[in-house]
Each structure stands twice: as C-alpha cells, then as structure tokens.
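have a look; sequence and predicted model below, questions after that.
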Amino acid sequence: MKGREFPMASGVRATGVFLMLPLVSSAMFSFGLTAMADASATWVIFIICGMAALAAIMWVGDLKRALLSIFLFTLPIEISKAISSDVGVYAPALQIYLSDLAFLPLAALWLFDKIFRHRSPVYWSRVHWIALLLLLWFSIEAYLGPEPSAPLINLNNVKYFVFFVVIADLVRDPRYLKAALVALACGLAVQLTIAALQFITGSELRIQGGKTAGTARVLVFEQANGLHVARISGFLSHPNTFADYLTFVLPPLIVMLLLGRTMVGTLVWNISAVLAGGAMVALILALSRAGWIAFGCSLAFIFVAGYWFGIVRKSHLIALAVSASILIVGVSTIYPAAIYRVILSDNRSGGSRIAMIDQALLIIERSPLLGVGLGSYNQAAQTAIPSSWAALPPDYRESLRKGVVHNKYLLTLAETGPAGLMLFLLFLGMNLLVPFGRITWATPEQFALVLGISAAVLAQSVFFLFDHFSYDMRIGLLYVFCGLLLGMRDPQEGAVALERQSS
C-alpha cells in the first residue's frame with residue numbers, strides 16, 4: 001500500500017471491503033467497552049490507546065509501517081505476562097510483552113510479502129550468520145541442559161533473532177527507517193514524562209501488569225544521616241534497566257547534536273537536544289553506577305571515533321570538557337545523592353557482585369566445556385558454594401543463591417560454554433565495527449546514526465560487566481538496535497537513489 005490508497009478499492013470488491021469496515025469497527029468498539037467495564041484506570045487508558053492505534057493504522061494505510069512504529073514505541077514498556085513459571089528472583093522465564101502484540105502481525109505480514117507479493121530475498125549478511133549460529137548453539141544447550149523448561153525459555157532467543165532479521169530488512173527502506181526513528185523518539189519522550197512524574201510525586205506509579213523495582217527503587221545512605229532517595233525507572237521494572245535503556249538512545253542523539261543544525265535541520269536538532277537533555281537528567285536520577293560507566297565509555301567512543309571521521313572538532317572537545325565540569329559542580333550542589341552513590345556505602349551491592357563472581361567461576365570450573373545448560377545457572381548455583389563464602393552470614397548466602405551472576409559474559413560462559421561466549425562476543429564485535437567498514441554512506445546523517453548506534457552497542461558491552469541481562473527485554477533492545485545498524489549499513493539500492501533525489 002502507498003499512502004492511503006487501497007489496492008482493492010475498485011468495483012464490487014471495494015464495496016465489500018468498505019461495507020465490512022463499519023461492522024469490524026463496531027465489533028471492536030463493543031469489545032472495548034465490555035473490557036473496560038470492570039477494568040482498572042490503567043487498562044481503560046491502554047484500551048483507549050489501543051483503539052487510537054488501530055484508527056491510526058487505518059488512516060496511514062501502510063499496515064507494516066504502522067505496526068513497526070507501534071512495536072518500537074512499546075518495546076521499552078515492560079508490561080508482560082509470564083508463560084513459564086520462574087523459581088528464583090532472576091530465574092529465566094518465557095514472557096509475552098506488550099510490544100509482541102504488534103511484532104507478531106508485523107513479522108507475519110513481512111514474511112507474507114517476502115513469499116507471495118514481492119518475492120524478494122531476505123536481507124542477509126555475515127552478522128546474520130553469526131547471530132544464527134549463536135541461536136543454534138543456545139538451542140542445543142537448551143535441549144542438552146537439565147532445566148526442563150529451557151527449550152521453552154529459548155523461544156526468547158528465537159524471538160530476539162527474528163527481531164534482528166525483520167528490522168534489518170525493513171529499515172533498508174528509508175520510509176521504514178524514518179518511521180522507526182520517530183517511534184523510538186516518541187517512546188523516549190513518554191518514558192521521560194513518566195520518569196519526571198515519578199520524581200515529582202515520589203511514587204513508582206505502578207502499572208497493572210508491569211513489574212516493580214521493589215526495595216531496589218529506594219536507596220538509604222546511612223553515612224548521610226540516613227538520607228532516603230527514590231530512584232526513577234520509567235515504564236521499566238528496575239532503575240538499572242531504565243538506565244540501560246537510556247544508554248541505548250543517548251549515543252545516537254548526541255551524534256546528531258554534533259552534526260549541527262545546518263546538517264540535520266533545526267527541527268531535528270532541537271528535538272534531539274530536548275530528548276538528549278532529558279535523558280541525561282534521567283540517567284543521573286536513576287542512580288545507576290553501571291549506567292554512568294557504560295554511557296561514559298560510549299561517549300568516549302563517539303568523540304574519539306568522531307574526531308577520526310571528522311564529525312567531532314576541537315571546539316566540541318572543549319565544550320565537552322566545560323560541560324563535564326559544570327555538570328559535576330551542578331550535580332554536587334543540586335543533587336548530592338548522585339555523589340553519595342559513588343563515594344558512600346552501597347549496602348553490599350558491590351560485595352554481592354564479587355561474591356557471585358566467585359560462585360560463577362566455580363560453576364564454570366565444574367562445567368568448562370559445554371556449561372551447565374541454557375537457563376540452568378540458578379539450579380547449578382544451589383550446590384556451588386565457593387570457599388570465599390565461608391565468612392558470609394547464612395541468610396546473606398541464601399539470598400545470593402536465589403540469583404544469577406551480575407555479569408552477562410560469565411553467565412553466558414557458565415551456561416553455554418566457551419563456544420557460546422565466543423559467538424556472543426563475535427556478534428557484539430561485528431556490530432561495533434560497522435562504522436569502520438569500507439562502505440559508502442548515502443548521507444552524513446546516516447553515518448552519524450550508525451556511529452551512534454555502534455556506541456550504544458559498546459555501552460551494552462560495558463553494561464554487561466555489571467548486570468545479569470539474562471533473557472529480558474534488554475536483549476531484545478540489543479537485537480533491535482543491531483538490526484537498525486545493519487539495515488542502515490546496506491540500504492536498498494532503489495531506496496538510496498530515491499533518498500538522494502528527494503534530498
């Protein structure tokens with residue numbers, strides 16, 4: 001479909017279609033009213049938003065683009081329904097997320113078009129082969145491992161791989177790329193709005209069907225007269241998860257700002273500045289040290305690589321140094337909790353991570369070749385008690401055994417062995433190096449976005465050192481952003497020509 005043109009709008013077939021529209025819309029409206037009868041205010045709002053989304057789809061006329069926009073808009077909204085049960089705090093489970101309701105029909109339409117309508121080949125690259133090998137190895141580990149629900153849990157990895165393939169193929173068309181970027185920007189704006197309300201009201205603003213951060217949302221600084229500070233988490237389940245989401249979206253925004261108003265346009269530059277400023281403030285208020293470190297590494301990558309490619313100038317480096325100095329002084333004065341988070345006691349947060357690393361190393365030592373199996377880390381942790389735990393209180397040891405190591409690389413090595421870790425590192429590395437390939441970019445903005453998303457992948461690679469990232473939506477975000485990266489690297493030839501003519 002193009003614009004609001006309907007291919008079937010001719011003769012008797014068109015008459016039949018338009019006669020069916022009132023019936024379908026009336027049925028959906030009636031169902032919505034029935035569903036809202038005993039629903040909470042949260043679900044009333046979601047049903048109304050869903051109806052508005054369906055109306056937007058009918059107005060736009062391009063169903064795939066509309067579904068793509070809805071999928072990316074809802075992707076960082078952590079409202080889910082578990083299909084498999086989990087037995088531990090961080091035990092993996094198969095879940096259906098809000099964004100899946102848009103992605104499943106999107107993937108079906110995409111596949112239908114590939115097979116029956118356009119009969120065009122699926123875009124495939126060397127990175128796709130690595131992602132496929134990684135999925136196959138995870139699947140083997142799921143079936144060989146002792147965890148009975150592992151094959152079901154592995155469907156998470158299958159879904160994320162399909163995310164990667166579909167997004168990389170769709171965004172090769174500039175129209176879909178633009179829709180994707182607009183949806184991500186709108187999603188960030190909503191996240192920042194909710195985070196601002198959380199900070200102002202001091203409430204978590206719980207959403208029915210969403211996960212809560214629990215006690216992790218409030219930090220108590222005993223050395224600062226027992227200061228209680230509430231952390232923000234947006235539509236996500238934990239402040240650290242929210243901080244990780246911000247490290248995905250901040251690097252591309254910063255690179256767009258570095259290009260300047262003349263290059264990207266005043267409107268785009270102003271929107272990027274507002275969103276980047278809001279995301280920076282939100283990252284500080286999330287009080288995630290791992291998020292700060294990851295973002296700092298991505299920022300260094302942007303400025304070093306950007307200077308090499310001519311995007312960053314000496315004036316930018318001077319502005320960065322001045323801005324960093326002002327930020328440190330301002331944060332110390334206005335929001336000292338951010339400084340306390342670095343210099344004061346962290347209530348055993350760092351000690352717990354070290355203790356769990358010792359446990360992970362013991363699990364790896366016991367199963368050095370194939371690992372303990374996908375999703376089986378928590379089961380293996382029940383009997384893996386390192387000697388360094390002898391001095392820990394029994395209750396503390398018991399709480400540690402309920403979780404998984406807060407290090408994605410050690411978790412991957414422990415569950416899937418050296419082969420799984422090698423393939424995972426290769427997937428990250430190949431996406432990280434995309435800007436440095438011998439590629440002719442259609443526009444400076446395209447290269448800037450690629451550089452920014454590569455910096456976001458680097459941020460995740462650093463964040464993986466400090467958090468568990470088992471099978472949750474953050475891995476889905478990684479695969480989506482890698483799909484955007486690969487799609488922009490190899491756009492369709494006809495689409496590139498069209499874009500150049502329009503510019």
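Sure thing, it's come through. Numbers count the residues shown, from 1 in each chain.

can you pull the pLDDT of residue 58?
Listed pLDDT for residue 58 reads 56.

which stretches of this structure have low pLDDT?
1-61, 84-92, 206-216, 346, 440, 493-503 (pLDDT under 70).

quick one: the strands in it, in order.
Taking DSSP state E, the strands of the chain run over residues 80-82, 95-97, 218-221, 227-230.

deepest in the core, which of these is it.
strand 95-97 (a mean of 18; mean count of other C-beta atoms under 10 Å). No exception for glycine: its C-beta is placed from N, CA and C like everyone else's.

check which helices and strands it sits against.
On a contact count with 3 or more C-beta pairs under 8 Å, 6 or more residues apart in numbering; DSSP states H and E, strand 95-97 meets strand 80-82.

count of neighbours near the residue nearest to residue 235 when sequence neighbours are not counted?
Counting by C-beta to C-beta, 6 or more residues apart in numbering, residue 235 lies nearest to residue 77, which is 4.3 Å off, once chain neighbours are set aside. For residue 77, the tally of surrounding residues (other C-beta atoms under 10 Å) stands at 22.

so residue 77 makes contact with residue 98?
Yes. With contact defined as C-beta atoms under 8 Å, residue 77 and residue 98 form a contacting pair (5.4 Å).

can you list contacts of stretch 235-243?
Applying C-beta atoms under 8 Å, 6 or more residues apart in numbering, the contact partners of stretch 235-243 are 76-79, 190-191, 194-195, 207, 210-213, 216-217, 231-234, 245, 282-283, 286-288, 290-292, 467, 472-474.

can you point me to the longest helix in this protein?
Assignment by DSSP state H gives helix 174-201 as the longest helix of the chain.

name the residues of that helix that come out as buried.
Buried positions in helix 174-201, judged by neighbour count with 16 or more other C-beta atoms under 10 Å: 174-177, 179-181, 183-185, 187-188, 191-192, 194-196, 198.

ok, residue 376 - contacts?
Residues in contact with residue 376 (C-beta under 8 Å, 6+ apart) are 145-147, 150, 415.

for it, give its distance to residue 149.
Computed as C-beta to C-beta, to the nearest Å, the residue 376 to residue 149 distance reads 10 Å.

again with residue 245
Counting by C-beta to C-beta, the gap from residue 245 to residue 149 is 27 Å.

what sits against residue 367?
380, 414, 417.

between those residues, which sits nearest residue 398?
Each of those was checked against residue 398 using C-beta to C-beta; the closest is residue 380, at 16.0 Å.

and the nearest residue to that closest one once chain neighbours are set aside, how many neighbours does it have?
Excluding its sequence neighbours, the residue lying closest to residue 380 (C-beta to C-beta, 6+ apart) is residue 372, at 4.3 Å. Number of residues near residue 372 (other C-beta under 10 Å) recorded here: 24.

contacting residues for residue 372?
Per C-beta under 8 Å, 6+ apart, neighbours of residue 372: 145-146, 363, 366, 379-380, 414-415.

in helices, which of the residues you listed fall?
Per DSSP H, the contacts of residue 372 map to helices at 363, 366, 379-380, 414-415.

any quick ChimeraX command for the buried ones out of those residues?
Per 16+ other C-beta under 10 Å, the buried members of the ones in helices among the contacts of residue 372 correspond to this ChimeraX selection:
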select :363,379,380,414,415
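
between residue 245 and residue 149, point out the one with more neighbours.
Using other C-beta under 10 Å, the more surrounded residue of residue 245 and residue 149 is residue 245, with 28 against 19.

quick one: contacts for that one?
76, 191, 234, 236, 474, 477.

so which of these wins on neighbours?
residue 76 (29 neighbours).
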